[in-house]
Every structure is written in C-alpha cells, then in structure tokens.
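S.K.: model this:
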Amino acid sequence: MKLKIKAVSDRIGRDIPFPYYATAGAAAMDLHACIDAPVEIPAGERRTIATGIAIALPSPDYVALIFARSGLGIKHGVAPANCVGVIDSDYRGEIQVGLLNSNRTGSYTVQPGDRIAQMMIVPVVQAELEPAEELDDTDRGAGGFGSTGL
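M.R.: All right, here's what the predicted structure looks like:
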C-alpha cells in the first residue's frame, strides 16, 4: 500500500525527517516533533506537539493509529494523552500528538526533532450493526475486569 505524505512545514526533510520505519521489522513509523523551540510539559500536564506532516490514506479501508514510543513512556512517563490517536481516512490536516507527562514531579522537555510517537497503518472493518434481543453465550459471559484471573 502506498501512503501519500505531505510536508506542511518547510522544516520536514531538511531539519526534521519524514516519518520512517526504524528497522526492517518495525510495525510502526516514528513521528518527530516539528517545533521551533523546546516545549516543556510540566508534571501531570499535557501539550500538543505538531509533526509537520499530513497524510492521505488511500481509502476507508485503512486507519493510522498513533501510539506511544515505549522508551518515552517507560523511561519518562510521557505518552499520548488519549492513549491511542486515531487518524481517519478522510482527515487531511496536520497530524498533531497530544502528549501527557504522567510524572507526579518533574517536567519533560520535547526538543525540536525528537521522536515523540509512532504511527501504524492498519486495515479497518466497518461493521454492519444488527440490533439483537439476545447475544450468544460464551464460557466467559459478561465477566469483565479481572474475570479471567489476571
């Protein structure tokens, strides 16, 4: 599948790279902060960080999902504020990432060009909804949070 990508900042491709897959086996591509100056995210707060790019998914059969970079989340407590960002196939604006600093103390500073998140392109199935009075039974049934023993 081909993904059209547009630089919406003149810094993309010059100071800040286009998104890329870091390894041959990478499932998601790294997104970079396209900002003019460092952005501080105080403990417990959120900031929106521009990426300088827009994309055109080829059809409603695809979605772009924005995930945390594991190193940023585990080492620094910084991850997307909405957990997973969803870029619908008909969105053509700049991709921005809302980052949350979940630390209780200490700020985190995003530098221009930092890798801030990763984007994965995934197939989509739009379900045809069918109202039902009853659902089929399963061994689990309505067991929810923690019902499987974990």
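
S.K.: tell me the contacts of the residue most central in space within the chain?
M.R.: In the chain, the centroid-proximal residue (C-alpha atoms, centre = their mean) is I66; its distance is 1.4 Å. By C-beta atoms under 8 Å, 6 or more residues apart in numbering, I66 lies in contact with 31, 80, 84-87, 95, 97, 117-119. All C-beta atoms are positioned from the backbone trio N, CA, C, and that covers glycine.

S.K.: mean confidence score for stretch 98-116?
M.R.: The pLDDT scores in stretch 98-116 average 95.

S.K.: and if you look at stretch 60-68?
M.R.: In this model, stretch 60-68 has an average pLDDT of 97.

S.K.: circling back to that earlier point, tell me the backbone dihedrals of the closest residue to the residue nearest to the centre of the chain other than its chain neighbours, please.
M.R.: Nearest residue to I66, sequence neighbours excluded (C-beta to C-beta, 6 or more residues apart in numbering): G85, at 3.2 Å. Backbone torsions of G85, given as degrees, to the nearest 10, read phi -90, psi 140.

S.K.: could you report the neighbour count for G85?
M.R.: Using other C-beta atoms under 10 Å, G85 has 19 neighbouring residues.

S.K.: do the same with L72
M.R.: Counted with other C-beta under 10 Å, the neighbours of L72 add up to 20.

S.K.: beyond the helix or strand it falls within, next helix or strand please.
M.R.: Here L72 sits within helix 70-76, counting by DSSP states H and E. Using DSSP H and E, the helix or strand that directly follows helix 70-76 along the chain is strand 78-80.
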